[in-house]
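A.B. asks: Below are the sequence and a predicted model for it; my questions follow.
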Amino acid sequence: MKYDLLDIKDPSFLKDLSIKELTELAEDIRSFLIEKIARTGGHLSPNLGTVELIIALHTVFDSPQDRLVFDVGHQAYTHKILTGRAKEFETLRQYKGLSGFLKKSESIHDVFEAGHSSTSLAAVSGMSIANDSEGRVVGLIGDGALTSGMAFEALNFLGGRNDIKPIIILNDNEMSISRNIGFFAKLLNNLKTKRFIQVIRSISHKIFPKFVVKVIQRLELGIKKILVKNTFFEDLGFKHFGPLNGHNLEELIRYFRIAKDIKKPIAIHVITEKGRGYPLAENDTQGIWHGVGPFDIETGKPLKNLEKNSVSYSTIVSETLEENLASGKDIKIVIPAMIVGSKLSNILSKYPDHIIDVGIAEQLAVTMAAGIATEGKHVFVPIYSTFLQRAYDQVNHDVCRQNLHVVFGIDRAGLVGADGETHQGIFDIPFLRHIPNMTIIHPLGMRELKASIHYAFYQHNGPIAIRYERGVTEIEQDAGVSFDLKWTILNKGESKIAFVAFGSILHQVLSELSSLDVTVVNARSIKPLDKDVLNMLNDHTIITYEESVLSGGFGSSILEFYHDQKSIPTIHCMGFKDAYIKEGTKEELLNENKLSKDDVIKVIKSYM
Ligand SMILES: Cc1ncc(C[n+]2csc(CCOP(=O)(O)OP(=O)(O)O)c2C)c(N)n1
């Protein structure tokens, strides 16, 4: 029986399908995903790898009575299709469209939301404790997500409880975004060798002559000695199944049914192939097909090319670091799992000793950097604004309290677009600004960004966070620009109105504000403020702007400054109100929140 994916309302129909029909369904879903993601962009490889896994989950478990919890939620497109959302894929990750992650507002089958990694097992812990029904709580977590401390903490907790019965499914594709790292990745590899041995054993006596079988048995004994130690999940207190072939529906369904009937904490190790069904993604060892923009299915080429004469901020940072390394500077770069997004693949291949990928372990990255700084070495932590949220205490307690010279590269500072509310980089200013010893800068354009990196390493001491936006800026020649913490006046106007801001909005409004005779200030140091400039402006009407939440942010710090001065000019702060910002293009979101270039001009004119 053929099912039109667009007609699926809920997953109950799966229970009546044969393995052959489920296999056909998996093929249909895979083609659908490739076709749709090629048009809209999205998480391609993670979703191609989980098609059978999610079909099997929905075949055996009864969602939503059985709770399916997806780690990150970036691999759950098949879940969206099976729960009646195929029609909405045209709007995937777009303004007011289908979210790229789970959303309770979209479906009763989305029981727990995420976007950041490694939260699933903690959620499963809480839900297992609180769930009074007969339903099972099932967590699906990737091998990359399992490298995070919180996931390990939850494993430790869950394995120690005999009174609850969570089911953990480990989706092991040996990849985080890039290759997975660390001891646990090796351990999983050994467990896979075990499966390889089982398969060899089962077929060897059928196909090989006796003496070859003997050699195989000896080899097996040797390998088993290594494997004796690999009872990781069992030692932690789980009943363990696997490794299973994550693309074999029959095998998955059989084991999921067995697990459903066992009332204990269970861990099922499933091996999948990331990107399965799209050869370019299958062969991707770097992680470039993990998350993609729209692309041509035949050639794999992106449909949108970089604007001419422009370069991404992440590339500028990466190239500047590379120039430093090429000139013999000893800089260590500690990065939590984002080599591709941070454009650091070149450095990884040319200077592998200088880059340390710690996996999805932001807290480890920050305190490791504190350790490196303690030894007097230069250290750089490139980290997306949103993911730094996880390491607040490490920034505060380990780096800033000890006033250590750690340079943070806060990537994706500001709106990020399609990833939506879990990923917008709009909280770092308030949560860094109140930490003693921290300096926060937001250089303007390519030249200043390059110069600020030089400043941060060689002229600054103590912790410093360099913010830079997602997206591109104009290519500028590096004409010996220097950087310091003084603000610069981009236009001196006569109108007694000043626009005080940082980042790309300045480029957008400068010429119009100059023609309106408005003073335009590049407030490139967010902390400390430039008191000389603020004292000079105390008879002006001041409009501040930040692509960030207003509460506790840059505008607030200006209000605090003038309040302390006891002379308060009119101040109008533009920024995000107290709400999460959903997915959409930067333009759409700025328009919706009255923060576009036109809104700035409108506000300024209202004071003229
Ligand atoms: C706290 C946090 N850090 C980084 C990321 C970015 N990120 C999204 S998915 C992913 C890799 C996850 O790997 P895995 O769990 O193995 O899932 P796979 O994509 O391989 O299916 C990373 C690093 C994130 N979402 N959250």
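C.D. replies: Happy to help now that I have it. Numbers count the residues shown, from 1 in each chain.
A.B. asks: Could you use CA atoms for every contact and neighbour count after this?
C.D. replies: Will do.
A.B. asks: Just the buried residues of the helix or strand harbouring K36, please?
C.D. replies: Using DSSP states H and E, K36 sits within helix 19-40. Of all the residues in helix 19-40, those buried under the rule 16 or more other C-alpha atoms under 10 Å are 22-23, 25-26, 28-30, 32-34, 36-40.
A.B. asks: Give me the distance from it to the chain's centre.
C.D. replies: Computed by C-alpha atoms, centre = their mean, to the nearest Å, the chain-centroid distance of helix 19-40 equals 25 Å.
A.B. asks: after it comes which helix or strand?
C.D. replies: helix 44-49.
A.B. asks: and the stretch 101-250 of the chain, which of its residues are near the ligand?
C.D. replies: Contact residues (C-alpha under 6 Å from any ligand atom) of the stretch 101-250 of the chain with the ligand: G115, H116, S117, I141, G142, D143, G144, A145, N173, M175, S176, I177.
A.B. asks: Which one of the residues in the stretch 401-550 of the chain is closest to the ligand?
C.D. replies: Here the stretch 401-550 of the chain gets closest to the ligand at one residue, H423, 8.2 Å apart by C-alpha to the nearest ligand atom.
A.B. asks: now the stretch 201-350 of the chain
C.D. replies: Per C-alpha to the nearest ligand atom, the residue of the stretch 201-350 of the chain with the smallest distance to the ligand is A337, at 5.0 Å.
A.B. asks: leaving aside the residues next to it on the chain, what's closest to that residue?
C.D. replies: Spatial nearest neighbour of A337, excluding adjacent residues (C-alpha to C-alpha, 6 or more residues apart in numbering): G359 at 4.5 Å.
A.B. asks: how about the helices of the stretch 151-300 of the chain, start to end?
C.D. replies: In the stretch 151-300 of the chain, the helices defined using DSSP state H, counting those that start in this stretch lie at 183-207, 210-227, 232-235, 249-260, 279-282.
A.B. asks: that older thread, once you drop chain neighbours, what's closest to the residue of the stretch 401-550 of the chain closest to the ligand?
C.D. replies: The nearest residue in space to H423 (C-alpha to C-alpha, 6+ apart) is T386, at 5.4 Å.
A.B. asks: Please enumerate the helices of the stretch 501-608 of the chain.
C.D. replies: Secondary structure of the stretch 501-608 of the chain (DSSP H, counting those that start in this stretch): helices located at 505-515, 531-536, 554-565, 586-592, 597-606.
A.B. asks: List the residues that contact the residue nearest to A337.
C.D. replies: G359 is in contact with G144, T147, S148, S176, N180, I181, G182, I335, P336, A337, counting by C-alpha atoms under 8 Å, 6 or more residues apart in numbering.
A.B. asks: repeat that for 10 Å
C.D. replies: Taking C-alpha atoms under 10 Å, 6 or more residues apart in numbering, we find G359 in contact with 144-148, 176-182, 335-339, 365.
A.B. asks: Counting residues, which strand of the chain comes out longest?
C.D. replies: As assigned by DSSP state E, the longest strand anywhere in the chain is strand 541-549.
A.B. asks: partner strands of it, parallel or antiparallel?
C.D. replies: Strands adjacent to strand 541-549 in the sheet, as given by DSSP bridges, are strand 497-501 (parallel), strand 571-576 (parallel).
A.B. asks: Thanks a lot, catch you later.
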